[in-house]
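Engineer: Fold the following, please.
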Amino acid sequence: MIPPDAPRAQPAAADDRFTELGDGLRMCWRSHGADDAEPVLLIAGLALQLIAWPGAFVQGLADAGLRVITPDNRDVGLSSQLPTAPPSRLRQLLWMAPQDNYALEDMADDMAALLDRIGVARAHVVGMSMGGMIAQALAVRHPQRVRSLCSIFSTTGSRSVGQPAPSTIARMLKPPPRTEQQAVSQYVAMMHHIGNPGEPGAEQEWADYARRAWSRAGGGSQAAGIARQIAAIQKSGDRSDQLRGIRAPTLVLHGERDLMVDPSGGRATAELIPGARLLTLRGLAHQIVGARSPELVEHIVRHVRSA
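Structural biologist: Numbering: from 1, shown residues only. Got it, this is the predicted structure:
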């Protein structure tokens, strides 16, 4: 249960919507395109707010005749912050998720509850990174809600594949930012490492997102919530057996080089889900930026239409 007096972030933008999911959990989300169009649910990755999806990506899907639903996952953005204590850095390194921490399956149930509340019976589901893991769990736990699945630079939960590079883990262990300037600097530095700074406009997009996210979260890093999201990944563990049971038409997108989620994670995902198709995209890295949005939209729209 979320305490009624839990601290709130900055006032919502005019296009933010809020839906109560039960047990005091409130989810912030946005909708783009016609409300009666074919729905596609975009699930963001670790620590990322709904504004992380580039405008060109969201608009491209809407222009293709889809209703694009973008929620904030629990513990980031304007969705509810959980009251449980976050795991320490040591527990994160040792993969010791607290017993009372939620799991990815709970986050998948959030998505099913959101679809229920807003009257969407079935949706095409697209998830990036941790969002891909949540999308997989949604297809396992609520198969009737998932018309098609697209897993972008994500993995299976097996510790033998898809692991971040040691250099990435070292960067993730840095203390959380205390100011907007630190938040921008740290985020851009991380994206330089895991992303592709050679993409036109990428660095400016990263800096702009970090500024907007800092302000939207009320001028804070939301470090406790991010730690709980990491624990959710660890608590869920290996989903390989469950992935073999997914029947939704599935597209797996991954870059040829990814220092956050090794490409072996994408290959394993495609191998496990029956009939899944893997596309390895040159230069994608661990990012979705405006410059790559038309290409990604094309792949996703083709997949949605074939489903």
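Engineer: List the buried residues of stretch 133-152.
Structural biologist: Neighbour-count burial for stretch 133-152 flags 133-142, 145-152 (criterion: 16 or more other CB atoms under 10 Å). C-beta coordinates here come from the backbone N, C-alpha and C atoms, glycine included.
Engineer: pull the CA atoms of that stretch into CSV?
Structural biologist: Extracted C-alpha coordinates of stretch 133-152, given in CSV (Å, rounded to 0.1, in the frame of the first residue of the first chain):
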residue,chain,number,x,y,z
MET,A,133,11.7,-8.1,-19.7
ILE,A,134,8.4,-6.7,-18.3
ALA,A,135,6.8,-7.1,-21.8
GLN,A,136,8.0,-10.8,-21.8
ALA,A,137,6.5,-11.3,-18.4
LEU,A,138,3.3,-9.7,-19.5
ALA,A,139,3.1,-12.1,-22.5
VAL,A,140,3.7,-15.1,-20.1
ARG,A,141,1.3,-14.0,-17.3
HIS,A,142,-1.4,-12.4,-19.4
PRO,A,143,-1.2,-13.9,-22.9
GLN,A,144,-4.7,-12.9,-23.8
ARG,A,145,-3.7,-9.2,-23.5
VAL,A,146,-0.7,-9.3,-25.9
ARG,A,147,-1.5,-9.3,-29.5
SER,A,148,2.2,-9.1,-30.5
LEU,A,149,5.5,-8.7,-28.7
CYS,A,150,8.6,-6.6,-29.6
SER,A,151,11.6,-7.0,-27.2
ILE,A,152,14.3,-4.4,-27.8
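Engineer: Please state the mean pLDDT value computed over it.
Structural biologist: For stretch 133-152, mean pLDDT is 98.
Engineer: what's the answer for stretch 28-40, then?
Structural biologist: 98.
Engineer: Return the distance of it from the chain's centre.
Structural biologist: 17 Å (CA atoms, centre = their mean, to the nearest Å).
Engineer: buried sites along it?
Structural biologist: Using 16+ other CB under 10 Å as the test for burial, stretch 28-40 gives 28-33, 37-40.
Engineer: before we move on, what about stretch 256-266?
Structural biologist: For stretch 256-266, burial by neighbour count (16+ other CB under 10 Å) applies to 258-266.
Engineer: Would you reformat these as JSON lines and include pLDDT, secondary structure and distance to residue 214?
Structural biologist: Shown next, in JSON lines, are those (pLDDT from 0 to 100; DSSP: H, G, I helix; E, B strand; the rest coil; distance: CB to CB, whole Å):
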{"residue": "258", "pLDDT": "98", "secondary structure": "coil", "distance to residue 214": "26"}
{"residue": "259", "pLDDT": "98", "secondary structure": "coil", "distance to residue 214": "24"}
{"residue": "260", "pLDDT": "98", "secondary structure": "coil", "distance to residue 214": "21"}
{"residue": "261", "pLDDT": "98", "secondary structure": "coil", "distance to residue 214": "25"}
{"residue": "262", "pLDDT": "98", "secondary structure": "coil", "distance to residue 214": "29"}
{"residue": "263", "pLDDT": "98", "secondary structure": "helix", "distance to residue 214": "31"}
{"residue": "264", "pLDDT": "98", "secondary structure": "helix", "distance to residue 214": "33"}
{"residue": "265", "pLDDT": "98", "secondary structure": "helix", "distance to residue 214": "29"}
{"residue": "266", "pLDDT": "98", "secondary structure": "helix", "distance to residue 214": "30"}
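Engineer: Next, give me the two most distant ones among those residues.
Structural biologist: Based on CB to CB, the longest span within these runs between 259 and 266 and measures 13.7 Å.
Engineer: about what we covered before: for the buried residues of stretch 256-266, could you give me a markdown table that also reports distance to residue 207?
Structural biologist: Below are those laid out as a markdown table (distance: CB to CB, whole Å):
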| residue | distance to residue 207 |
| --- | --- |
| 258 | 22 |
| 259 | 20 |
| 260 | 19 |
| 261 | 23 |
| 262 | 27 |
| 263 | 27 |
| 264 | 31 |
| 265 | 28 |
| 266 | 28 |
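Engineer: Quick check: of these, which lies closest to residue 87?
Structural biologist: Sorting the buried residues of stretch 256-266 by distance to residue 87 puts residue 260 at the head of the list, at 19.4 Å, by CB to CB.
Engineer: And the helices in the stretch 201-307 of the chain?
Structural biologist: For the stretch 201-307 of the chain, helices defined by DSSP state H, counting those that start in this stretch occupy the ranges 202-216, 223-236, 240-243, 263-272, 293-306.
Engineer: Indicate which one of the ones you listed is closest to residue 88.
Structural biologist: Ranking these by proximity to residue 88 (CB to CB) places helix 223-236 first, at 8.2 Å.
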